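# I would like the atomic coordinates for the input below:
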Amino acid sequence: MGKIDFKKSLKHLYQPSVKEIVSVDVPQMNFLMVDGAGDPNTSQSFSDAIEALYPVAYTLKFMVKKGPLAIDYGVMPLEALWWSDDPSAFTLGKKDDWQWTVMIMQPEFITCEMVEDAVAEVAKKKKPVSLPLVRFESFSEGKSAQTLHIGHFSEEGPTIEKVHKFIENSGSQLVGKHHEIYLSDLRRTAPEKWKIIIRQPMT
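Now for the predicted structure:
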């Protein structure tokens, strides 16, 4: 049984270069999602959300591998959408006012019924606090600009500015929510080596 690596098959979306900013067309994809608000560095709800997503994602992976489909695939990286009702919350670093959606992309063969079964299975074993908040939903960004940032979250500013400048110079405007994709395991990788995709939808 071969193992599908969606980061490779979707290379243009999940393996950008650190040397340039590119325009990509992001198709509609399905995600496990949890919404929340507050400073991700101190908010317990942020940690709880992640601790609910991963068990469901891995349960789905093994269900598919052992089930009739018999497909093996790698669980996709954690992603997050960030926004605030007050735009200055970002420029001034008022993280308590941030809102977020953490999510993990799911292959197209994953169904609502599979997700319901996986959530039920996780509930029997681990019962993560935020498990009831996990939802399965389609998400589409369309035309976006993105690049790869290497380093800590606190050092993203210049990279984000470059992405925004790229959009402005192309005659487009920023739309939607700031999107980050965490390619590195943040718990096991040194912060200076974190690989984070910075993506911004545009019109």
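
# backbone dihedrals for the residue positioned nearest the centre of the chain, please?
The centroid of the chain falls nearest to residue 79 when counting by CA atoms, centre = their mean (1.1 Å). Dihedral pair for residue 79: phi -130, psi 160, per degrees, to the nearest 10.

# show the backbone phi and psi for the spatially closest residue to it that is not a sequence neighbour.
Nearest in space to residue 79, with sequence neighbours left out and distances taken as CB to CB, 6 or more residues apart in numbering, is residue 181 at 4.7 Å. C-betas here are computed from N, CA, C, even on glycine. The phi/psi pair for residue 181 (degrees, to the nearest 10) reads phi -130, psi 120.

# next up, the contacts around residue 181.
Contact partners of residue 181, counting by CB atoms under 8 Å, 6 or more residues apart in numbering, are 14, 77-79, 196-197, 199.

# need these in TSV (columns: pLDDT).
Shown next, in TSV, are these (pLDDT from 0 to 100):
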residue	pLDDT
14	98
77	97
78	97
79	98
196	97
197	98
199	97
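
# pop the domain breakdown of this protein in here.
Structural domains assigned to the chain are 16-27+144-203, 28-139, following automatic domain parsing.

# just to revisit the earlier point, the residue nearest to residue 79 pairs with what?
residue 79, residue 197 (DSSP bridges).

# quick one: residue 195 and residue 152 touch, right?
No - in this structure residue 195 lies outside contact range of residue 152 using CB atoms under 8 Å: 11.6 Å.

# between these two, who's got more neighbours?
Comparing residue 195 with residue 152 by other CB atoms under 10 Å, the one with more neighbours is residue 195, at 17 against 14.

# quick one: that one and residue 156, what's the gap?
Using CB to CB, to the nearest Å, residue 195 is found at 12 Å from residue 156.

# what residues do those two have in common as contacts?
Listed as contacting both residue 195 and residue 156 by CB under 8 Å, 6+ apart are residue 149.

# which residues in this protein form helices?
For the chain, helices defined by DSSP state H occupy the ranges 6-9, 11-14, 44-66, 88-91, 112-125, 157-169.
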